[in-house]
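Visitor: Just a sequence and a predicted model for now, questions to come.
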Amino acid sequence: MAPGEKIKAKIKKNLPVRGPQAPTIKDLMHWYCMNTNTHGCRRIVVSRGRLRRLLWILFTLTAVALIIWQCALLIASFYTVSVSVKVHFQKLDFPAVTLCNINPYKYSVVRDLLADLDRETRKALKTLFGFSEVTSRKRRDTESENPAQKGIQPKFLNTIPLLAFNENEKGKARDFFTGKKRKVSGNIIHKSSDVMQVHKSKETVGFQLCPSNDTTNCATYTFSSGVNAIQEWYKLHYMNIMAQVPLEKKINMSYSAEELVVTCFFDGMSCDARNFTLFHHPMYGNCYTFNNRENETTLSTSMGGSEYGLQVILFIDEEEYNPFLVSSTGAKVLIHQQNEYPFIEDVGTEIETAMSTSIGMHLTESFKLSEPYSQCTEDGHDVPVENIYNASYSLQICLYSCFQTKMVEKCGCAQYSQPLPPNANYCNYQQNPDWMYCYYKLYQAFVNEELGCQTVCRETCRFKEWTQTSSLAQWPSEVSENWLLRVLTWDQRQQTNKQLNKTDLAKLLIFYKDLNQRSIVESPANSIEVLLSNFGGQLGLWMSCSVVCVIEIIEVFFIDFFSIIARRQWQKAKEWWARKKAHPGPEAPPSQQGQDNPTLYIDEDLPTFTSALHLPPALGAQVPGTPPPKYNTLHLERAFSNQLPDTQLTNEF
Amino acid sequence: MHVKKYLLKGLHRLQKGPGYTYKELLVWYCNNTNTHGPKRIICEGPKKKAMWFLITLLFASLVCWQWSEFIKTYLNWEVTVSLSLGFKTMDFPAVTICNASPFQYSKTKHLLMDLDELMKAVLERILAPEASYANTTSALNFTLWNNTPLVLIYEQDSSHPVVLDLFENIPSASVGSNAAQGRTCSAPGCKLAMKLCSLNGTVCTFRNFTSATQAVTEWYALQATNIFSQVSRQELVEMGYSAEHMILACLFGTEPCSYRNFTSIFYPNYGNCYIFNWGMTEKALPSANPGAEFGLKLILDIDQEDYVPFLTSTAGARLMLHEQRTYPFIKEEGIDAMSGTETSIGVLVDKLQRMGEPYSPCTMNGSDVAIRNLYSSYNTTYSSQACLHSCFQDHMIHNCSCGHFLYPLPPGARYCNNQDFPDWAYCYFNLWMSVTQRETCINMCKESCNDTQYTMTISMADWPSEASEDWIFHVLSQERDHSTNITLSRKGVVKLNIYFQEFNYRTIEESAANNIVWLLSNLGGQFGFWMGGSVLCLIEFGEIIIDFMWITIIKLVAFFKGLRQKQAQAAYTGPPPTVAELVEAHTNFGFQPDTTNPSPHVEAYPDEQTLPIPGTPPPNYDSLRLQPLDTIESDSEGDAI
C-alpha cells in the first residue's frame, strides 16, 4: 500500500466519520436515560409500571424546574453587596477647616455701595411698620438722613416694588412707595402660607417679579412675616449690586485672615494667618481654610484630645455687621476634605460669640461600589454636567453646576452665589433686566425637580464624614475675663485699636476624640466562583448533575437528535426514490434488532444485579445466539474490548 | 496475627509481580468512578474520546483553580457585619462629671501666690512695658522665672533675631542699640517665646508662640504643673471641689440619688471628678425607658468665682459618658456643659464588637500589647487611649527620668519638678513634639475589640428661667448652706439631663464571612458543577494513586530481582538465559511478549520458582475481574486512542 493510502486508512480507522449510532429517537432517548450521569432519567426507564414511571417523570421535571428557578434567583442576586465595617487605629489626617464670619463685608467699607439700598429699605420699613430708626445696637449713627437725597426717585423700590397684600382682596395689592393700590395679575406664589396657616385678615408682604415687557405674566411672592420679606427683597438687590463689584475689591472689603484669627494653635504648635488659605464666598465674604495649603503636606493628628487639635480664637467684630443682610452674630465653621468645595451656606456649623465651642470628631470613611452595583460615580467624569467648581466632584457640586448651567442657558447670565461657568457673566440689572424673574422661575422648577438635575447627578462612591459632637462652655470665665481680654487686645494691636469685648470673640476647638477610623466598605457579595459553586450545589442537590451532564444534554438532544432526524428523512427520501425508480417490491428494511446491544431491550423481569449494574453477563450465562453488538457507543462496558478482537475468543472457553 | 497475615500477603504480591497493568487500572478507574467525565473517555469512539479527554482535563484544572481561589478567600479571614438597632433595657452609661477648674482658688492660693504675682508682672510687662519700668520687680520670686523664662523675640532682621528676657534690661544676644526699641515691641514680628534650657542653661531652645495669650497660658500651666507635682495626692484632693459641694441635686429616673452615689477619682487636669454608676463595687444601674423622665438629672454648682484665674479660661462642667469599668479620659473625650443652662443629652449606645485575630487586628483585653497599662491600678479595662498615655509616660520616664504629672506613675518613679529635675521641661517638650515617639506609640498600641461609643444629641436651654430663678436658688441655697440668703448664682449652676433616646443601641457585630462550612460547600459546589464529583471521588482517586504506586513498587522489585538473578546466573557458568526468559520467570504471569503463544495460563509456568504458596489468592480488586485477566496481552494493539 502506498504510504498515502495507509495514512488515509489509518485516519479512517481511527477517526471514522459517523453519525449517531442509535437508529431512532426513541432508542437515543433510551440510551441517554440509561447512561446519563444525572439521576432522574434512569429511573424513568428502569421503573416498571405506568404510575411509577409517571411519578418519576414528574419528579425529574420538578427537579429541572427547581434548578432553573434557583439558578435564576442566584443570577438575579448576583450584583448585591456585603458591607463591612472596619476600624483602624492610626495617625489620622486632619480635615480642612473653613472658617467664615457670618457677616460678609465690613459694613463701614461697603456702606457706600449699599447706601441707596439701605435708605430705601429704611423708607419701606417706615411706610410699612411706622419706624425708621434702624441702627445697630452699637454703631455710632453716622449716617443721618440727608434731606437732599429725599427727592431722588427710589430706583430699587421701582424695579421690584414691595407690596402689601390683603387676603380679603384677591388680586389687589398696595404699593409701599406710592401707597396706591394696584392690580396684581398672574400667579401668586405664597412663600410660606402653604406651609403655615396665617391669620386670615392679616396683611401679607411680598414682592412681584415681572418680565420687563410683559406685565401680565408676573410672579408674586408673599411672606407671612415682614422680616422674611424685607430680608429676601434686600438680598435680591444686594446680590445685584455685588455682582458688579470686581473680586479684588470684594476681597479687600472683607476681613483679612489676621483680623479674623486672633490666635491659632495646632497640635501643640503655634500657627497664624499664614496657615490659612483664602476662599472667597459670595454670601460669606472672605472665608479661610486651615490645612488646605497647596504644595504642602496635609497635617495629621497622632493623638486624640483637644490639646492636639485646632484651637482658634476668632474676632467677630459685631460693629461691622450689616443690619439688613444678616441677623445673627457669630462665625460659621465647616469641616471638609482638602479637595472638597466648602458649601458653607448649606452645611456649616454656627458658633456663638463669648463661648468656647468644642467640636469632637470621629472619622468615618465610606466606600461604595460603582456600576453595576450602585449608581454612584468615582470622580464624576461620567456625569454629563460640567463641574464649574475648582474642586473635586460631589453631589452638591453637580447640582449647583447643573443649575448654574441651566441659568446661563435660560436667563443668559449666571447667579451670583455660585462660580461662573466659562463665557458667562453674573446677572445684573443693567444687562439683564429680567434676571430675577427668570431666576425665581428657574429656581422653582429646580426645587420641583423639573430641570432634571436631580436625575442626572449621582453621588460619589467614596466619601469621608466627620461625625461631630459639639458642646459649649462659657468663655472666658468670670475670673479670667479681665486678663485674657487685655492680652488678646495686645495680640490684635496691629489690626484694631479698640479694646476687645468678649462678645467680639469666639473660641473654637476642633479635635479628634480618638484615633479610631471607621471604614464602611462595600464589597461584592458574590464572585463568579461563588456563583458557579452555587450552581453546582443546586445541580448536584436536585439531580446530581454537572457541566458534563449539560454537555451530554447538548450532545444528545441537539446534535444527535437532529442528525437522527436528518438521517431518517434522508433514508425515507432514498427509499422513496428507490421505490419510485424500481417497482415497488416492498422490501422489509434490514432488521437491526439483532444487532442491538442486549442492554437496550426492555426486559420485563425485575433488573438483576448484573443488569442493573450493566455488568457483562457471567461467562457461562452468555446467550449463545446473540450477535456481537455493532454500535460502539452502546457498548459502554465493552468499549475497548472490540479493539481486542481476541476477546470474543477468550470469552468462549 | 492479622498484620502478619497481611504483610505476608503483601510479600507474596511483591514476589509474584503486579497482577495487572497501568492501563488496566486506568480503564477500570474511568469506568467505575463517580466523576462524570472519565466514564465518557473510554466508552465512545476515538474522536469523542479525544474530546472528552480534553474536556475532563479542562474541567479538572478549572476545579483546581477555583478551589485555590476559595482557599485563598478563606485564608483572608474576611468578616461580615450585622447591624442591629432598637431599644432594649441597657445599663445606663457611667457618667463622669468634673469642674472645669481643677482646684478651688481659695484653697490653692498659698501655693500659687508667687506664681500669680509673677504672672501679673509678666502681663504688665507685655501690655504696658513703659509703665512697668518704674515698678521694681524685687518682690518677685525669680526662682520660678529663671527656670523657664518667657522671652520676646524681635524678628525684624531675620538673620539676627533680638532675644529679650522680659525682666532683664540687657538683651541676651544682639546689638545694644536695638534693646530699648525692642522692649516696647509694638512693631510686627515681635513674638513671645518660652525659653527651655537643659544642662544648666547651656543648651536652649525657644518654643515660639504667635500670640501672647497662648504663651502666657502655656507658661503658667507649666509652672503650675511643677508646683502641683510636689504636693501629695491627698492634699490635692482636698484642694479640689468636694462632691458634697458640687452635686446639688441628683435624680435617676424616679429614684433620688446623692453625692454618695458617686465614686471619686482624681484627674490631674480637672481635679476631683465624680463618676456615677461606674459599676466597680455594685451592679450597674439599668434603664428600661427612653426619654428624659427616666434618665439622670443633675444640678451642679461649679462655683465660677473660685476658679484659678490663670489656669482655666473656660467655665462650666465637663462630663463624659463611658462604659462601666473603663477609665474616663475626660480631657480627650469629654464634653462641656455651660453654666446657667440646662443641657440635655440623648444617648445612643454605639457598640462595635469584633472577632479579634486573625479576623481583625485588635486586642481583647490588652494582654498582648507590649506596653504596661498604667491605668490598671484603677482596675479598669484596656483602651487604646490608656495604652497611648502609658506609652508616653514610659518614654518620659526613660528619657527624662521622671513622670509627667498628668499621667499615672509606674511603681518606683517620681513626678517631675524643677527642684529635682531641672531639665524636665526641656525634655518634656522635646518628647511631646517628637514625631517618632508618637509613631512608636501608635504602632505599639492596638485598639480594643469591643468598642463602645456613646453618640450624644446635645441641646441646650436657659436654666433657671427668669420666673423660677428666685425660688430655685432659694431652695438650693437652703439645702446646701442652710442659709436663707441666696448663695448661688446663674454663673455657677449647671443642669444636666442624660437619658436614652428612643433607639438606644446600635450594635455592629462581626462574624466570619467565610467559615469552614462555607468553604466546604463551595468546594463541593465547584467540584459538583464541573465534574459531578464528591469527596468519595477524591478517595477513589487516592485509591487509584496508591494502586499505581503499588504496581510501580511491585514492578521495580521484580525488575531488581531479575537483575540480581541475572548477575547471579552470570556468575555461575551456564547458558545465559534470554531476556524474555528472565522476565517471564519473574514478572506477571499475565505478561507475555508478542512473540509467544497467545494462549497463556497459569499452568503454563509449572516450574515457577517464586511461588511459595501454590494457591495464589486472586487479586482483591473485583473490578479487575470485569475483564478476564487474559485479555490484556495485546498492549501493542491498544494504541487506538
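Guide: Thanks, I have it.
Visitor: contacts and neighbour counts: CA atoms only from here.
Guide: Noted.
Visitor: Report the separation between B:K5 and chain A.
Guide: With distances defined as Cα to the nearest Cα, to the nearest Å, the gap from B:K5 to chain A amounts to 31 Å.
Visitor: Could you report the neighbour count for that residue?
Guide: Counted with other Cα atoms under 10 Å in any protein chain shown, the neighbours of B:K5 add up to 10.
Visitor: Let's test this: mean pLDDT of the helix or strand harbouring it, rounded?
Guide: The secondary structure element spanning B:K5 is helix B:2-16 (assigned by DSSP states H and E). What helix B:2-16 shows for mean pLDDT is 77.
Visitor: for it, packing partners?
Guide: Judged by 3 or more Cα pairs under 8 Å, 6 or more residues apart in numbering or on different chains; DSSP states H and E, the packing partners of helix B:2-16 are helix B:535-571.
Visitor: what are the ranges of the strands in the stretch 101-250 of chain B?
Guide: Assigned strands in the stretch 101-250 of chain B, in chain order: B:150-154, B:162-165, B:190-198, B:203-209, B:247-252 (criterion: DSSP state E, counting those that start in this stretch).
Visitor: Which helix or strand in the chain has the lowest average pLDDT?
Guide: Defaulting to chain A. Least confident element among the helices and strands of chain A, by mean pLDDT, DSSP states H and E: helix A:647-652 (a mean of 38).
Visitor: that's the wrong chain, I wanted chain B
Guide: Taking all helices and strands of chain B together, the one with the lowest average confidence (mean pLDDT, DSSP H and E) is helix B:177-184, at a mean of 43.
Visitor: what does the stretch 301-450 of chain A have sitting close to chain B?
Guide: Contact residues, the stretch 301-450 of chain A versus chain B (Cα under 8 Å from any Cα of the partner chain): A:302-306, A:356, A:358, A:360.
Visitor: Can I get those residues in a markdown table including pLDDT and distance to A:Q418?
Guide: Putting those into a markdown table (pLDDT from 0 to 100; distance: Cα to Cα, whole Å) gives the following:
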| residue | pLDDT | distance to A:Q418 |
| --- | --- | --- |
| A:S302 | 84 | 37 |
| A:M303 | 84 | 38 |
| A:G304 | 85 | 37 |
| A:G305 | 86 | 36 |
| A:S306 | 85 | 35 |
| A:S356 | 93 | 32 |
| A:S358 | 93 | 30 |
| A:G360 | 92 | 31 |
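Visitor: what two of those residues have the greatest distance between them?
Guide: Maximum pairwise distance in these, criterion Cα to Cα, is 23.4 Å, between A:S302 and A:S356.
Visitor: which of the two has more neighbours?
Guide: Neighbours were counted for A:S302 and for A:S356 using other Cα under 10 Å; A:S356 has more, 27 against 23.
Visitor: does the more buried one count as helix, strand or coil?
Guide: Three-state call for A:S356 (DSSP: H, G, I helix; E, B strand; the rest coil): strand.
Visitor: In contact with the residue in the stretch 101-250 of chain A positioned nearest to chain B, which residues?
Guide: Proximity to chain B, evaluated over the stretch 101-250 of chain A using Cα to the nearest Cα, is greatest for A:N101 at 20.6 Å. Taking Cα atoms under 8 Å, 6 or more residues apart in numbering or on different chains as the criterion, A:N101 is in contact with A:260, A:284-287, A:316, A:330-332.
Visitor: For the stretch 501-650 of chain A, which segments are assigned as helices?
Guide: Assignment of helices within the stretch 501-650 of chain A using DSSP state H, counting those that start in this stretch yields the ranges A:528-543, A:547-553, A:561-581, A:609-613, A:647-652.
Visitor: Quick check: beta-bridge partners of the residue of the stretch 101-250 of chain A closest to chain B?
Guide: According to DSSP bridges, A:A331 are recorded as the beta-bridge partners of A:N101.
Visitor: What does the pLDDT read for it?
Guide: 92.
Visitor: now swap in B:Q393 and tell me
Guide: The score at B:Q393 is 92. That number is its pLDDT.
Visitor: when you scan the host helix or strand of it, is anything in it near chain A?
Guide: Element membership of B:Q393, judged by DSSP H and E, is helix B:384-400. Yes. Interface with chain A: helix B:384-400 contributes B:Q385 (Cα under 8 Å from any Cα).
Visitor: Pull out the buried positions in whichever helix or strand comes after that helix.
Guide: Using DSSP H and E, the helix or strand that follows helix B:384-400 towards the C-terminus is helix B:424-433. Judged by neighbour count (16 or more other Cα atoms under 10 Å in any protein chain shown), helix B:424-433 contains these buried residues: B:424-428, B:431-432.
Visitor: With stretch A:548-555 instead?
Guide: The neighbour-count check on stretch A:548-555 (16+ other Cα under 10 Å) flags A:548-549, A:552 as buried.
Visitor: Kindly reformat the residues of the stretch 301-450 of chain A next to chain B as CSV containing distance to B:N365.
Guide: Listed next are these as CSV, based on distance: Cα to Cα, whole Å:
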residue, distance to B:N365
A:S302, 23
A:M303, 21
A:G304, 21
A:G305, 23
A:S306, 27
A:S356, 36
A:S358, 31
A:G360, 26
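Visitor: OK, contacts around the residue most central in space within chain B?
Guide: Chain B has B:C362 as the residue nearest its centroid, 2.7 Å off, counting by Cα atoms, centre = their mean. Under the criterion of Cα under 8 Å, 6+ apart, the contact list for B:C362 reads B:354, B:356, B:446-449.
Visitor: pLDDT score for it?
Guide: B:C362 is assigned a predicted lDDT (pLDDT) of 86.
Visitor: CA atoms only for stretch B:446-453 - export them in PDB, please.
Guide: Presented in PDB, the C-alpha positions along stretch B:446-453 are these (Å, rounded to 0.1, in the frame of the first residue of the first chain):
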ATOM      1  CA  LYS B 446      -3.800  48.300  69.400                       C
ATOM      2  CA  GLU B 447      -7.400  49.200  69.500                       C
ATOM      3  CA  SER B 448      -9.700  47.200  71.700                       C
ATOM      4  CA  CYS B 449     -12.000  44.700  70.000                       C
ATOM      5  CA  ASN B 450     -15.100  45.800  71.800                       C
ATOM      6  CA  ASP B 451     -15.600  49.500  71.300                       C
ATOM      7  CA  THR B 452     -18.500  51.300  72.900                       C
ATOM      8  CA  GLN B 453     -19.200  54.900  71.900                       C
END
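Visitor: one step back: out of the strands of the stretch 101-250 of chain B, which is closest to A:Q430?
Guide: The closest approach between A:Q430 and any of the strands of the stretch 101-250 of chain B, judged by Cα to Cα, belongs to strand B:190-198 at 49.9 Å.
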